[in-house]
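1. Have a look at this prediction, sequence included:
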Amino acid sequence: MRDFIYVGQPQRVVFGAGSLARLAGEIDTLGARRALVLSTPEQRPQAERVVELLGDKAAGIFDRAVMHVPIETAREAREVAQKLGADCAVAIGGGSTTGLGKTIALDSGLPIIAIPTTYAGSEMTPIYGITEGGLKKTGKDARVLPRTVIYDPELSRTLPVRLSITSGLNAIAHAAEGLYAKDGNPVMDLMAAEGIRALARALPVLRQTPDDLDARSDALYGAWLCGSVLGNVGMALHHKLCHTLGGSFNLPHAEVHTVVLPHAIAFNASAAPEAVRRIAEALGSDNAAQGLQDLARDNGAPIALKDIGMRAEDLDRAADIAVSNPYWNPRPFGPEQRGEIRALLQRAYDGAPPS
Ligand code: NAD
C-alpha cells in the first residue's frame, strides 16, 4: 500500500545540446531585462560567452564565486547587481556558482537562471549555504530555487575527467538516498532509478572520451533527475557524513561523496532492502555498495578518505560530530551507534570494501 505526499516545484527546465542559445528568450520569459552573469574565476571565459550572446541584456560579470559562499562574496555580488541595475542573475557553473546566485536571490528576490556545468544538482533545490566567520550555515527557502534551469551538455565537455566522475557519483548519492527517504514518493523513486541508470551508463564513456556529447547529455540528464530528488525529499546518513567531512575537515565536496557513498549504502542495506535492490538494479550490479565503489575505482576516482586529505587523527572527532544531531536514517545512527559509525569511517579512510 502506498502512502505519500508529492509537491511539485515551480521551475522551468530547458534541456538540450546548444540550449544556451535560448538564454535571451528565457530572460524575456521571466519578464526581466538585464542579467548579472555569475561564474568562478576559472569559468570567466564561459561567462564572457554568455555576455556576448546576451548583448544589451547583459548587465556585467561577477566572476568571484568560490566554494561554500563566503558572506563577504555574497554581499559584494549583491552590491554589484544593484549598482549595475540587474533585474536577474545568470549563474553559469557548478554548485559553488549556483550557491552564490541563491544567496543573492535570498536577500534581493532577484530571479536566478542557473546553467549547470557539473552534476552537483544544486540548481534543483531550495537549499542554500553561506559561510560566515568560518562557519557554514545552511537553510531552505523557496526564494532561492532557480526559476529557470538551462541544461546544455556542450558546456560540461570541458569538465575535467576526474571531476566528471566524482561529480556524477555526487549526483548518484542524492538518488540513492532518495530511494530510502522517509518522505519519499513514487515520482521521486522513478526519477532516482532513472538518474542512477543514466549516470552509471555515461561515466565509463566519459572516462574514455570526455567530450562525447551523447555521454555528456546522458550524464547531465541523470544529474537533473538526481538533483530533483535532492530538492524534493530528505537526505540521510550519507549526506550527514559528507556534510561533516566537507564542513569540518574541508575535504573536496564531490570526492567525499564518491568515497563515502558505498559505505553508507552498505550500512543501510539491511534496513532498506528494497531501495538498495533498486540501486543495484539501476547500476547493473548484483551488489549496490560494491557496485558504487567499483564505478568509482574503475573510472579513476578516489575510494579512500586518506587519499583526499583526511587525517587519521581526525576520524574520532568526525564520528563524534556525525552522530550528534543525526538525520533521520532507515537504520538509526545516534550516539549509541558511534562505534559502528567510527568503524564505517575507518573503512572509508582505508578504501576497504564496503560491508
Ligand atoms: P564547484 O562549483 O565548486 O566547481 C568546481 C570547479 O570546477 C570550479 O573551479 C569550477 O569553476 C570548475 N568547473 C565547473 N564546471 C566546469 C566545466 N564545465 N568546465 C571546466 N571547469 C568547470 O563544484 P560542484 O561540485 O559543482 O559544487 C560544490 C558546491 O556546491 C559545494 O559547496 C556544495 O556544498 C554545493 N552544493 C549545494 C547543493 C544545494 O542543494 N544547495 C547541492 C549540491 C552541491
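-> Looks like it came in fine.

2. neighbours of the closest residue to Ala301 other than its chain neighbours, just the number please.
-> The spatial neighbour of Ala301 that comes closest, neighbours along the chain excluded (Cβ to Cβ, 6 or more residues apart in numbering), is Ile165 at 4.4 Å. Backbone N, C-alpha and C define where each C-beta goes, glycine included. The number of residues packed around Ile165, counting by other Cβ atoms under 10 Å, is 29.

3. Next SSE downstream of the helix or strand containing Ile165?
-> Using DSSP states H and E, the element containing Ile165 is helix 161-178. Once the chain leaves helix 161-178, the next helix or strand it forms, by DSSP H and E, is helix 186-208.

4. Give me the helices and strands touching that following helix, please.
-> For helix 186-208, the packing partners by 3 or more Cβ pairs under 8 Å, 6 or more residues apart in numbering; DSSP states H and E come out as helix 161-178, helix 213-232, helix 273-283, helix 288-298.

5. So which residues on the stretch 1-150 of the chain come close to the ligand?
-> 40, 42-43, 67-68, 93-97, 99, 117-118, 120-122, 125, 127-129 (Cβ under 6 Å from any ligand atom).

6. Please name the nearest non-neighbouring residue to the most centrally placed residue in the chain.
-> Most central residue of the chain, judged by C-alpha distance to the mean C-alpha position with Cα atoms, centre = their mean, is Ala120 at 2.4 Å. The spatial neighbour of Ala120 that comes closest, neighbours along the chain excluded (Cβ to Cβ, 6+ apart), is Gly95 at 3.7 Å.

7. Against Tyr128, how distant is the one you found?
-> Plainly put, Gly95 is 11 Å away from Tyr128 if you go by Cβ to Cβ, to the nearest Å.

8. for Thr97, same thing?
-> Distance of Thr97 to Tyr128, given as Cβ to Cβ: 13 Å.

9. the more surrounded of those two?
-> Looking at Thr97 and Tyr128 with other Cβ under 10 Å, you find the greater number of neighbours at Thr97, namely 31 against 24.

10. quick one: contacts for the more buried one?
-> Counting by Cβ atoms under 8 Å, 6 or more residues apart in numbering, Thr97 makes contact with Leu38, Ser39, Thr40, Gln43, Ala65, Ala91.

11. tell me the contacts of the residue nearest to Ala120?
-> Taking Cβ under 8 Å, 6+ apart, we find Gly95 in contact with Thr118, Ala120, Gly121, Ser122, His253.

12. Out of the residues you listed, which two are the most distant from each other?
-> Gly121 and His253 (11.4 Å; Cβ to Cβ).

13. Spell out which residues are contacts of both of the two.
-> When Cβ under 8 Å, 6+ apart defines a contact, the residues bordering Gly121 and His253 alike are Gly95, Asn170.

14. Tell me which of the two has more neighbours.
-> Comparing Gly121 with His253 by other Cβ under 10 Å, the one with more neighbours is Gly121, at 28 against 22.

15. what's the angle from the helix or strand bottoming out on mean pLDDT in the chain to helix 213-232?
-> Averaged element by element with mean pLDDT, DSSP states H and E, the chain has its least confident helix or strand at strand 135-140 (a mean of 86). Between the axis of strand 135-140 and that of helix 213-232 there is an angle of 80 degrees, by axes from the mean of the first three to the mean of the last three Cα atoms, to 10 degrees.

16. what lines up beside strand 135-140 in the sheet?
-> For strand 135-140, the paired strands and their directions (DSSP bridges) are strand 127-132 (antiparallel).

17. who touches the strand it pairs with?
-> 68-71, 74, 99, 102-103, 106, 136-141, 144, 230-231.

18. same question, stretch 315-322
-> Contacts of stretch 315-322 from elsewhere in the structure, counted by Cβ under 8 Å, 6+ apart, are 240-241, 244-245, 248-249, 310, 333, 338, 341-342, 345-346, 349.

19. Check stretch 153-166 too.
-> Contacts to stretch 153-166, defined as Cβ under 8 Å, 6+ apart, come from residues 16-18, 20, 46, 92, 115, 117-119, 167, 203, 206-207, 210-211, 213, 216-217, 219-220, 252, 254-255, 257-258, 296, 299-302.

20. Name the residues of that stretch that come out as buried.
-> Residues of stretch 153-166 classed as buried under the neighbour-count rule (16 or more other Cβ atoms under 10 Å) are Pro153, Glu154, Leu155, Ser156, Arg157, Leu159, Val161, Arg162, Leu163, Ser164, Ile165, Thr166.

21. if we look at the ligand, which of the residues you listed are close to it?
-> If you filter those for contact with the ligand, counting by Cβ under 6 Å from any ligand atom, you are left with Leu155, Ser156, Leu159, Leu163.

22. Format those residues as CSV; extra columns: secondary structure.
-> Output for those, formatted as CSV (DSSP: H, G, I helix; E, B strand; the rest coil):
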residue, secondary structure
Leu155, helix
Ser156, helix
Leu159, coil
Leu163, helix
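
23. of all the residues you listed, which comes closest to the ligand?
-> Distance to the ligand, by Cβ to the nearest ligand atom, is smallest for Leu159 among those, at 3.9 Å.

24. And for Leu145, nearest residue in space, chain neighbours not counted?
-> Closest residue to Leu145 in three dimensions, ignoring its sequence neighbours and counting by Cβ to Cβ, 6+ apart: Pro126, at 4.4 Å.

25. What's the local residue count around the one you found?
-> Once other Cβ under 10 Å is used to define contacts, Pro126 is seen to have 17 neighbours.
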